[in-house]
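**Q** How does the following fold in three dimensions:
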Amino acid sequence: MAVIWSKSNDGWGAQRLNGDPLDLTAASVRAATETANAATNQKTARLMSVYASGAPVWALIAPAGSDLRVNGRPAHAGLCVLADRDEIRMGGEARYFSTETLAEVVPFPGAERPIFCGRCRQPILPGTPSVCCPGPGCQVWYHQDPSESLPCWAYAETCAYCPQPTALDTGFTWFPEED
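**A** Predicted coordinates:
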């Protein structure tokens, strides 16, 4: 799940993006509403996601003449597809977009074909407490049920397939740099 980094008096904070559209202004990031239309407000850009090949792709849509800049460049034709660690500036305020996600235990959603745990190689049944490795390009599923004999995700210090740390309290590995 992607995040938008914004700076406050307390430092940089990450807001998780759940797929719902957001409106960005120089002062805030807020849920998009039916009445708040980015196309009619030159000081608002809309952040939206679409799915391509099963993965979310995030884009910013800005009205003509807006002061939106991504990595220092204006959004051509009012549209910019975002990449990991892009800088977004509006009204002099900087934000950063990141595709980094955190590991979390969730009920395994199931799949069209059997999925086997990256550690113990046993099938992961739908609804089983599991973790999908958030490492870039990894996405391997693991059991993670500490009450049973299958705490596979946290069994070792890193994912079996990438260097992603497996501690569930591991925070973000990337933060925006201080100005």
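
**Q** pLDDT averaged over stretch 109-122 - what is it?
**A** Averaging pLDDT along stretch 109-122 gives 94.

**Q** Name the surrounding residues that touch it.
**A** Contacts of stretch 109-122 with the rest of the structure, by Cβ atoms under 8 Å, 6 or more residues apart in numbering, involve 108, 123-127, 133, 140-143, 150, 152-153, 155-156, 159-161. Where you see a C-beta, it was placed from the backbone N, CA and C, and this is true even at glycine.

**Q** Of the residues you listed, which belong to strands?
**A** Residues of these located in strands (DSSP state E): 141-143.

**Q** how close does the nearest residue to residue 79 once chain neighbours are set aside sit to residue 137?
**A** Leaving aside its chain neighbours, residue 79 sits nearest to residue 61 (5.8 Å; criterion: Cβ to Cβ, 6 or more residues apart in numbering). Distance from residue 61 to residue 137, counting by Cβ to Cβ, to the nearest Å: 28 Å.

**Q** Of those two, give the one with the bigger neighbour count.
**A** More neighbours surround residue 61 than the other of residue 61 and residue 137, with 19 against 7 (other Cβ atoms under 10 Å).
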